[in-house]
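**Student:** Quick one, what's the 3D model for this:
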Amino acid sequence: MSSLRLFNTLTREVADFGPARPIGVYSCGPTVYADQHIGNMRAYVFADTLKRVLLYEGMAVRHVINITDVGHLTSDADTGDDKLEAAARSENRSAWEIAEGYTAEFMTDLRRLRVIAPDVWCKATDHIEHMIAFATALDDRGWCYRLPSGLYFDTSKDGRYGELARLGLAGQREGARVDVVEGKRTGSDFAVWRTSAPGENRQMEWDSPWGRGAPGWHLECSVMSMEYLGEHFDIHTGGVDHIPVHHTNEIAQSQAYLGDGKPWVGWWLHGEFINLSGAKISKSTGGGVLVRDLIDRGYHPLTYRLLLLQAHYRSQAEFSWEAMTAARTRLRRLLDRLAAARTVPADDLGPAALRHLEAFDEAVCDDLGTPKALAVVAAAARDESLDDAELTALASRFDEVLGIGLADLAPADLDLTSAQARVSVDEVEALVAERGKARAAKDFARSDLLRQQLADLGVTVEDHPGGTSSWRWAT
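**Tutor:** Residues are numbered from 1 along each chain as shown. Have a look, this model is predicted:
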């Protein structure tokens, strides 16, 4: 197999990757105050592709994704309202209900895009005590100072601050995404803990040594990643928008907390944006296009996954409905051959099949080169020297990394013309079972949310005496 090489944002170099131990991967998760649009979902398809390549190359992986359900302000820095609190007021629901509902929607979209579930989901609100302990350690060691608005990290004490973004303190002052907070010593200083203002009516706040309030956004990821992956781990992923502020501040506080002079994280990988200017605004949210909007237009979600994989993760991608149609045509052409050939996979591959497999391995090991990998898949599908069993075996191997249905979809599956095509039977059964558990626990708010989620998928749930439920496709 080829040697895996990855681009490290910290060093700005592509280098060999191959720690001998199991790989710890942390991916910044969503702030669950609204639906995640398809641009947001690119970061998770990218992280999933990375994980799939690591597994494909025979590495053991422990993957953690967080859920930010408190602490992320509307400015992305230290001013404005908490996004969950603002959404709660807007929708006339509690912040806890907002978080629960949008978390469920997010996880449904991940399943639709065949993103493998992480080994650990962790919510910020479940780790408040850990965050307070972490912040206390920073404060005790002289890294922080107190203001009426909270506890702030003093970036002037970190001689390497901004290294990830190639942005020193002067650069931060000149216009990075930082905001003016009265009393801050330096513009780049950031809140580790935000103290609630006198008279402020917040739903999510906790007692701390610095007053009642909530953790800073950056604190959450430092604490939860160390909780589940250890003080030092291998890979941290996110979008390029995380580089100048969120990830820069994570590094600063984590290195200060550890104090051992070692890099907190070995590799930083960042996915680029997707340009959504070619899409109309979602009718369902008034915001970006959602995965369910793709489905409403008749596109299988894996068509969108293919669209993303056609661009390298470090390159900007373009979205339009014309591009989606072209991606569907490309996937259908692959499935026309692969589905027709589908049989028992070959135990042994001949020389031609092995050459395709080697070319595929070389592509994905070259910094997750999915565009080249897709070209290899197309070449294999056209190769008349391969018998059906060999082609089936190759499709299965290719789809371990790509996750676009090469091993199980049929061409007809790509045309979504009914509610049944939106979601698999297994997904429906899982949601119905989850709702049954909520009903048994008398968590009726959760039960109602899941019923509505099933209804949105075109599923009618019927409850029966004794706590049992059945379901059917809505007509």
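**Student:** a helix runs through V53, doesn't it?
**Tutor:** Yes - looking at V53 with DSSP: H, G, I helix; E, B strand; the rest coil, it is inside a helix.
**Student:** ok, it - contacts?
**Tutor:** L4, V364, C365, L368, V401 (Cβ atoms under 8 Å, 6 or more residues apart in numbering). Using the backbone N, CA and C atoms, a C-beta is placed for each residue, glycine as well.
**Student:** Without its sequence neighbours, what residue ends up closest to it?
**Tutor:** V364 (5.1 Å; Cβ to Cβ, 6 or more residues apart in numbering).
**Student:** Could you list every helix and strand in contact with whatever helix or strand that neighbour lives in?
**Tutor:** Using DSSP states H and E, V364 maps to helix 351-365. Counting by 3 or more Cβ pairs under 8 Å, 6 or more residues apart in numbering; DSSP states H and E, the packing neighbours recorded for helix 351-365 are helix 38-56, helix 370-382, helix 388-402.
**Student:** now do 7 Å
**Tutor:** helix 370-382, helix 388-402 (3 or more Cβ pairs under 7 Å, 6 or more residues apart in numbering; DSSP states H and E).
**Student:** buried ones in the first one?
**Tutor:** What that stands for is helix 370-382. Residues of helix 370-382 classed as buried: T370, A373, L374, V376, V377, A380, A381 (neighbour count, 16 or more other Cβ atoms under 10 Å).
**Student:** Which residue ranges make up the domains of the protein?
**Tutor:** Listed domain ranges for the chain are 18-271, 298-414, 429-456 (source: automatic domain parsing).
**Student:** Turn those into CSV, columns for mean pLDDT.
**Tutor:** Shown next, in CSV, are these (pLDDT from 0 to 100):
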stretch, mean pLDDT
domain 18-271, 89
domain 298-414, 95
domain 429-456, 83
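**Student:** Compare those and give me the one nearest T9.
**Tutor:** For T9, the closest of the domains of the chain is domain 18-271, at 4.2 Å, according to Cβ to Cβ.
**Student:** Now do the closest one: distance to the chain's middle.
**Tutor:** Chain-centre distance of domain 18-271: 13 Å, with Cα atoms, centre = their mean, to the nearest Å.
**Student:** which residues in the stretch 151-300 of the chain form strands?
**Tutor:** Here the stretch 151-300 of the chain has its strands, by DSSP state E, counting those that start in this stretch, at 190-195, 213-215, 233-239, 265-271, 274-278.
**Student:** Could you save the ones you listed as JSON lines and add columns showing distance to L414 and mean neighbour count?
**Tutor:** Shown next, in JSON lines, are the strands of the stretch 151-300 of the chain (distance: least, Cβ to Cβ, whole Å; neighbours: other Cβ atoms under 10 Å):
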{"stretch": "strand 190-195", "distance to L414": "46", "mean neighbour count": "26"}
{"stretch": "strand 213-215", "distance to L414": "44", "mean neighbour count": "26"}
{"stretch": "strand 233-239", "distance to L414": "28", "mean neighbour count": "24"}
{"stretch": "strand 265-271", "distance to L414": "25", "mean neighbour count": "22"}
{"stretch": "strand 274-278", "distance to L414": "20", "mean neighbour count": "14"}
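**Student:** Reformat the ones you listed into CSV and put distance to R21 next to each item.
**Tutor:** Below are the strands of the stretch 151-300 of the chain laid out as CSV (distance: least, Cβ to Cβ, whole Å):
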stretch, distance to R21
strand 190-195, 30
strand 213-215, 30
strand 233-239, 8
strand 265-271, 11
strand 274-278, 34
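**Student:** of all those strands, which lies closest to E163?
**Tutor:** Closest among the strands of the stretch 151-300 of the chain, using Cβ to Cβ: strand 265-271, at 10.5 Å.
**Student:** Tell me the span between the first and last residue of stretch 120-131.
**Tutor:** Using Cα to Cα, to the nearest Å, the end-to-end distance of stretch 120-131 comes to 18 Å.
**Student:** Can you give me the buried ones in that stretch?
**Tutor:** Quick answer for stretch 120-131 (16+ other Cβ under 10 Å): V120, C122, K123, A124, T125, H127, I128, H130, M131.
**Student:** So which of the helices and strands packed on helix 351-365 is nearest V344?
**Tutor:** For V344, the closest of the helices and strands packed on helix 351-365 is helix 388-402, at 6.1 Å, according to Cβ to Cβ.
**Student:** Residues contacting that closest one, please?
**Tutor:** 49, 52-53, 56, 309, 338, 341-346, 349-350, 353, 356-357, 360, 364, 373, 377, 380, 405-407 (Cβ atoms under 7 Å, 6 or more residues apart in numbering).
**Student:** one step back: quick one: which of the buried residues of helix 370-382 is nearest R446?
**Tutor:** T370 (37.1 Å).
**Student:** backbone phi and psi for the residue lying closest to the closest one once chain neighbours are set aside, please?
**Tutor:** Using Cβ to Cβ, 6+ apart and skipping residues adjacent in sequence, the residue nearest T370 is L309, 4.2 Å away. Main-chain dihedrals, L309, degrees, to the nearest 10: phi -70, psi -20.
**Student:** tell me, how many neighbours does L309 end up with?
**Tutor:** A total of 23 residues lie near L309 under the criterion other Cβ atoms under 10 Å.
**Student:** got the contact list for it?
**Tutor:** T370, L374, L402 are the contacts of L309 under Cβ under 7 Å, 6+ apart.
**Student:** Need those in CSV (columns: distance to A433).
**Tutor:** As requested, these are exported to CSV (distance: Cβ to Cβ, whole Å):
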residue, distance to A433
T370, 34
L374, 36
L402, 29
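**Student:** Enumerate the positions of the helix holding V364 that are buried.
**Tutor:** Buried-residue list, helix 351-365, by 16+ other Cβ under 10 Å: A353, H356, L357, A359, F360, D361, E362, A363, V364, C365.
**Student:** Could you check how far the last one is from L54?
**Tutor:** In this structure, C365 lies at 11 Å from L54, with Cβ to Cβ, to the nearest Å as the measure.
**Student:** circling back: contacting residues around the helix holding V364?
**Tutor:** Under the criterion Cβ under 7 Å, 6+ apart, residues 1-5, 53, 56, 349, 369, 372-373, 376, 379-380, 383, 385-386, 390, 394, 397-398, 401 lie in contact with helix 351-365.
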